[in-house]
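Asker: Here is my input, please return the structure:
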Amino acid sequence: TMPKEPAVLRQNILDTTAAILACGIDPKKCFLFRQSLVPEHAELAWILGCLTNVPRLLRLPQWKMKRTSQKSEGTVGLLTYPVLQAADILLYKSTHVPVGEDQVLHLELAQDTAQHFNKKYGEFFPVPKAILSEL
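Answerer: So this is what the prediction gives:
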């Protein structure tokens, strides 16, 4: 949600990929891809954003904290980031999502969004459940 210099962003992508591989993720056993190269993430985020009300997003504590830390009124990207997270989850019809305590409310938004979409358009998205780690 914060502008980055293109060279820094490219290096961050490479560093993150290296860290994922160093953690033992085996690309022969899973798909490893750059989300920004998959336009369906942004497309679904747009659709879900049209179903999400602004007051709900304004109540999320991450919005309040980050807006304060940015010493501004916040950006649309920051406000709608949880909708993109919901799209990331729902696009793959995920049934379970590992989350930390700080992301539970964002997952609840994804759950509510899936239920709202299904009610309006018919059963399509599974309602994802949280997998909370003690770590």
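
Asker: Distance of the residue of the chain most remote from its centre relative to residue 21?
Answerer: Here the chain reaches farthest from its C-alpha mean at residue 28, the gap being 24.8 Å by Cα atoms, centre = their mean. Noted for residue 28: a distance of 11 Å to residue 21, by Cβ to Cβ, to the nearest Å. Backbone N, C-alpha and C define where each C-beta goes, glycine included.

Asker: Next secondary structure element downstream of the helix or strand of the chain with the lowest mean pLDDT?
Answerer: In the chain, no helix or strand scores lower on mean pLDDT, DSSP states H and E than helix 61-69, which sits at a mean of 75. The helix or strand immediately downstream of helix 61-69 is helix 76-91, counting by DSSP states H and E.

Asker: quick one, what contacts the residue most central in space within the chain?
Answerer: Nearest residue to the geometric centre of the chain (Cα atoms, centre = their mean): residue 85, 1.6 Å. By Cβ atoms under 8 Å, 6 or more residues apart in numbering, the contact set of residue 85 is 103, 106, 109-110.

Asker: got those residues as a markdown table, with pLDDT and secondary structure columns?
Answerer: Below are those laid out as a markdown table (pLDDT from 0 to 100; DSSP: H, G, I helix; E, B strand; the rest coil):
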| residue | pLDDT | secondary structure |
| --- | --- | --- |
| 103 | 85 | helix |
| 106 | 86 | helix |
| 109 | 95 | helix |
| 110 | 96 | helix |
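
Asker: Looking at those, state which has the most neighbours.
Answerer: residue 110 (26 neighbours; other Cβ atoms under 10 Å).

Asker: State the distance from that one to residue 6.
Answerer: 30 Å.

Asker: Likewise for residue 126?
Answerer: Distance from residue 126 to residue 6, by Cβ to Cβ: 37 Å.
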